[in-house]
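Participant: next come a sequence and a model predicted from it.
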Amino acid sequence: MTKEEIVSKLPYTDPFLFVDKITKVTQTHITGEYTFDENHDFYKGHFVNFPITPGVILLECMQQIGLVSLGIYLLRDKDFDLKSNSTVAMVENEARFYKPVFPNEKVTVLSDLEYFRFFKLKSKVKMLNDAGETVCNGVFSGILKPGDAKS
Amino acid sequence: MSQDIYPKLKEIIKPYLPEDVNPDAISPESHLVTDLNINSTHLVDIVLDVEDAFDITIEDDELDNMETVTASIALIEQKLATR
């Protein structure tokens, strides 16, 4: 599976896709990038006169790259399609924030797998800004649920 | 052997109980999900802790054999015997 294929298999689209590209992936690690376009709607309201990327959006970006993209790669030989026959859910996140992310900033997300068992993926995830400074780090986990979200 | 396993298993389960479930509620008959309200993701954590504590490996399709405390003890015993 190519890095481009991983992104194409993500079950998100505009305005909620926070992955531009995957730059590195192995059985235990993934690195990806995203640039926060200043035209995102949330900048109009977070905050008034002071646009700054909401922490929840940073977490979402970290999970889309660090958990979901890695999970898609690890399950590449299995018949799971997050757009049709299965879904994912966040189950735990423990994060610390160190730096703000402003409109048009590019971030890099690095994720090191702790385990992927019984459909639960747990990973240590770190987000860096363009200067290489840590924006946020944490331990996240998510679970894959076979069957569509309604069942 | 199961006398040794039970207290150890109880200690493993405790941290994953929801706040409103008293640890005293754990009994051999307890169903981890329906009686103790442990969610499916914490079930995975319990299995991983059990693997570490008893130095055994539980296969993906054996998760269903850990529905109750008694069933879990039986599975752990079986794993220890065939180790």
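Facilitator: Nice, I can see it.
Participant: tell me the average confidence for stretch A:136-151?
Facilitator: Across stretch A:136-151, pLDDT averages out at 82.
Participant: next SSE downstream of the helix or strand hosting residue A:87?
Facilitator: Element membership of residue A:87, judged by DSSP states H and E, is strand A:86-97. As assigned by DSSP H and E, the chain's next helix or strand after strand A:86-97 is strand A:106-117.
Participant: now stretch B:34-46: buried residues?
Facilitator: Neighbour-count burial for stretch B:34-46, counted by 16 or more other Cβ atoms under 10 Å in any protein chain shown, picks out B:36-38, B:41-46. Quick note: C-beta positions are derived from backbone N, CA and C, even for glycine.
Participant: take that stretch, keep the C-alpha atoms, and write them as PDB.
Facilitator: Below are the C-alpha coordinates for stretch B:34-46, written out as PDB (Å, rounded to 0.1, in the frame of the first residue of the first chain):
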ATOM      1  CA  THR B  34     -22.900  -6.900  31.700                       C
ATOM      2  CA  ASP B  35     -22.300  -7.100  35.500                       C
ATOM      3  CA  LEU B  36     -19.300  -5.000  36.000                       C
ATOM      4  CA  ASN B  37     -20.000  -2.500  33.100                       C
ATOM      5  CA  ILE B  38     -16.500  -2.800  31.800                       C
ATOM      6  CA  ASN B  39     -16.400  -1.400  28.200                       C
ATOM      7  CA  SER B  40     -14.900  -3.300  25.300                       C
ATOM      8  CA  THR B  41     -11.800  -1.300  25.000                       C
ATOM      9  CA  HIS B  42     -11.000  -1.800  28.700                       C
ATOM     10  CA  LEU B  43     -11.600  -5.500  28.100                       C
ATOM     11  CA  VAL B  44      -8.600  -5.300  25.700                       C
ATOM     12  CA  ASP B  45      -6.500  -3.600  28.500                       C
ATOM     13  CA  ILE B  46      -7.500  -6.400  30.900                       C
END
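Participant: ok, residues contacting that stretch?
Facilitator: With Cβ atoms under 8 Å, 6 or more residues apart in numbering or on different chains as the test, stretch B:34-46 has contacts from A:91-92, A:117-120, A:141, A:143, B:12-13, B:16-18, B:20-21, B:25-26, B:29-30, B:32-33, B:63, B:66.
Participant: in strands only, show me those.
Facilitator: A:91-92, A:117, A:120, A:141, A:143 (DSSP state E).
Participant: name the single longest helix found in chain A.
Facilitator: Using DSSP state H, we find that the single longest helix of chain A is helix A:55-63.
Participant: contacts for that helix?
Facilitator: A:16, A:18-19, A:34, A:36, A:42, A:90, A:93, A:95, A:97, A:101, A:107, A:109, A:111, A:125, A:127, A:135-136, A:138, A:140, A:142.
Participant: rerun at 7 Å
Facilitator: Residues from elsewhere that reach helix A:55-63 (Cβ atoms under 7 Å, 6 or more residues apart in numbering or on different chains): A:18, A:34, A:42, A:90, A:93, A:95, A:97, A:101, A:107, A:109, A:125, A:127, A:135-136, A:140, A:142.
Participant: from the ones in strands among the contacts of stretch B:34-46, which are also near chain B?
Facilitator: A:91, A:117, A:120, A:141, A:143 (Cβ under 7 Å from any Cβ of the partner chain).
Participant: spell out which residues of chain B are next to chain A.
Facilitator: Close to chain A, as judged by Cβ under 7 Å from any Cβ, chain B has residues B:41, B:44, B:47-48, B:60, B:63.
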